[in-house]
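J.: Compute the structure for the input listed below.
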Amino acid sequence: MRQIVLDTETTGLDWRNGHRVIEIGCVELLNRSLTGKHYHIYINPERGIDAEAEAVHGISAEFLADKPRFADVATDFENFVHGAELVIHNASFDVGFLDHELSRLGRPKIAELCAGVIDTLRLAKEQNPGKKASLDALCERYEVDNGHRTLHGALLDAEILAEVYLAMTRGQESLIMALEESGSANAESAAQLGERPVLRVLRASAEELVEHERVLDDIAKANKGACLWRPPEPAAEPAGAA
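T.: All right, here's what the predicted structure looks like:
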C-alpha cells in the first residue's frame with residue numbers, strides 16, 4: 001500500500017480568486033512505514049502573495065522569483081503521486097489548488113491521478129467530536145514533536161502529518177493481520193472438515209409438548225396473561241358485528 005502525505009503553501013486562501021500554489025511537500029509511506037523518499041519544490045506563482053499568507057508561511061515573492069513555474073514541474077509531481085493514496089490535512093483546500101493548477105495545463109485532476117484521498121482533518125473530527133483538530137492540536141494529542149515548527153512549510157508539515165496520521169490510525173495493521181489470519185484459519189478448518197453430515201431432527205414427544213404448554217401456562221399466569229412465546233389472542237368482535 002503506497003501512500004503520499006502531502007501539503008501545499010499558496011499565495012492566498014482561494015484559488016477561485018486567482019491564487020496559486022507556491023510550495024509542494026510530499027513524503028512517501030509504503031505499508032505504513034516512511035521510506036525516506038520525498039518530493040519538495042518551490043514554485044513561481046507569477047503573481048503577488050497576500051500579506052496574510054506570507055505571515056503564515058514566510059515565503060516572499062522575491063524568494064520565488066527565480067523558481068520554476070508549475071508547468072515546469074507538473075510532470076515530476078504527477079510521477080511522484082501517481083497511483084498512490086494521498087493523506088492531506090484539510091484535503092479540500094490542497095486538492096482544490098492542485099486541481100486548479102493541473103486544469104490550467106489541461107492535465108488530469110487529482111482524482112484521476114491518485115487512488116484516493118484521506119482527509120486527516122475529517123478523520124480527527126470523527127474520532128474526537130468537538131475537540132480541536134488543527135495539526136498543532138493533533139501533535140499535542142498524539143505526542144508528536146512539532147517544536148521546530150515556527151512557520152508553516154509544506155515539506156515539514158507533510159513530515160509531521162505523516163507521524164500524526166500513523167498515530168491516529170495505529171492498530172489498523174494488527175486488525176488487518178487478524179482478519180487475514182482468521183480468514184486463513186477458517187479456510188483451513190473448512191478444508192479439514194470437508195462436507196458436513198446431514199443433521200438429525202429430533203421432534204418433541206407428546207408428553208414433552210404437554211409439559212411445554214404447562215410451563216407456558218405458569219408464565220402467563222405470573223404475567224397477568226402475557227406470555228412472549230404465545231401469539232396474542234384475537235380481539236373479540238363487538239356484539240352485532242356481521
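
J.: mind listing the strands for this protein?
T.: With DSSP state E as the criterion, the chain has strands at 2-10, 21-30, 33-42, 85-88, 116-119.

J.: In TSV: the ones you listed, plus mean pLDDT.
T.: Output for the strands of the chain, formatted as TSV (pLDDT from 0 to 100):
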stretch	mean pLDDT
strand 2-10	98
strand 21-30	98
strand 33-42	97
strand 85-88	98
strand 116-119	98
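
J.: what's the closest of those to residue 66?
T.: Closest approach to residue 66 among the strands of the chain is made by strand 33-42 (9.6 Å; Cβ to Cβ). Backbone N, C-alpha and C define where each C-beta goes, glycine included.

J.: quick check: angle from the closest one to strand 2-10?
T.: Relative orientation of strand 33-42 and strand 2-10, computed by axes from the mean of the first three to the mean of the last three Cα atoms, to 10 degrees: 30 degrees.

J.: Tell me how many other residues surround the nearest residue to residue 61 once chain neighbours are set aside.
T.: Once flanking residues are discounted, residue 61 sits nearest to residue 49: 5.2 Å by Cβ to Cβ, 6 or more residues apart in numbering. Neighbourhood size, residue 49 [other Cβ atoms under 10 Å]: 22.

J.: before we move on, what about residue 53?
T.: Residues near residue 53, counting by other Cβ under 10 Å, number 19.

J.: Check residue 26 too.
T.: Close neighbours of residue 26, defined as other Cβ under 10 Å, add up to 25.

J.: what's the answer for residue 159, then?
T.: Counted with other Cβ under 10 Å, residues neighbouring residue 159 total 19.

J.: Kindly report the same for residue 73.
T.: 18.

J.: list the contacts for residue 143?
T.: Shown in contact with residue 143 (Cβ atoms under 8 Å, 6 or more residues apart in numbering): residue 167.

J.: Which pLDDT value goes with it?
T.: Looking at residue 143, its pLDDT stands at 92.

J.: how close does it sit to residue 163?
T.: Residue 143 sits 10 Å away from residue 163, going by Cβ to Cβ, to the nearest Å.

J.: now do residue 21
T.: Distance, residue 21 to residue 163, using Cβ to Cβ: 24 Å.

J.: Quick check on those two: which one has the bigger neighbour count.
T.: Using other Cβ under 10 Å as the criterion, residue 21 and residue 163 rank with residue 21 on top: 23 against 19.

J.: The more buried one and residue 43 touch, don't they?
T.: Yes - Residue 21 lies in contact with residue 43 (Cβ atoms under 8 Å); the separation is 5.8 Å.
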